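>>> Predicted model follows, preceded by the sequence.
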Amino acid sequence: QKSTQSECAPHASTRGADRARRRRAHRLRGLLLSLTASEAAAARRPTSMKLFTFYIFNAKGECMHYRNWARERAGGDETTEHKTLFGLFFTLKDFARQLDPTGGEHGACNFYAFTTNNYKLHYFETATGLRMMLTTDVRAGDLQAIMRHIYANIYVEYVVKNPALSPLEPFESAAFDEALDAYASVLAN
């Protein structure tokens, strides 16, 4: 039987999906290679750090995105947990500002993290009120450069630049999760 060109060639939709996958992989490699010196130093710890969870909140306090890598206990009601977490950081930020002994003489007093005996919660806030929170084990150092990298190189790249997503609304994005997971695996090793 004679074979036709259309039977042997991959479908256009498959070629397009393969091209999109290759472009996404290329961008992801670029993101991982774009670590600054401080991010690279933070990622090269003598012992690896464990990443537990990652949250993104908008200025209204809505949890826009949640990622769980290694949470060891089952959470209760997610909505209540998200409201509590947002309220905690809103309160701690205000508390740090009120206790600032310099009265803001050296710029606004910022709150970056707190540590318990079991975990460390890192906090990053943008000028638009977007808040990112990352829970790690207690061995993690200052992760502000890493949080800034997640915002500037992953969130902006995969959410803000995506015309199908609204940057300050809850979202689901496989490309964002893939990039975040790849970056998290670099940090955890």
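Right, received. Where do you want to start? Bear in mind that the values here come from a model prediction, so they are computed numbers and not experimental data.
>>> host element of the closest residue in space to Glu172 that isn't next to it in sequence?
Sequence neighbours aside, His65 is the residue nearest to Glu172 in space, at 7.8 Å (criterion: CB to CB, 6 or more residues apart in numbering). Just so you know, the C-beta spots here come from the backbone N, C-alpha and C atoms, and that holds for glycine as well. If you go by DSSP states H and E, His65 is part of strand 63-68.
>>> Who are the packing partners of that strand?
strand 51-57, helix 78-99, helix 174-188 (3 or more CB pairs under 8 Å, 6 or more residues apart in numbering; DSSP states H and E).
>>> mind putting these in CSV, mean pLDDT and mean neighbour count included?
Converted to CSV, those look like this (pLDDT from 0 to 100; neighbours: other CB atoms under 10 Å):
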stretch, mean pLDDT, mean neighbour count
strand 51-57, 94, 22
helix 78-99, 85, 13
helix 174-188, 93, 17
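>>> any chance of those in CSV, plus distance to Ala127?
What follows is these, written out as CSV (distance: least, CB to CB, whole Å):
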stretch, distance to Ala127
strand 51-57, 15
helix 78-99, 14
helix 174-188, 21
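>>> any weak-confidence spans in the protein?
1-47, 74-75 (pLDDT under 70).
>>> center of it - which residue?
Central residue of the chain (CA atoms, centre = their mean): Ile150, 5.0 Å from the mean position.
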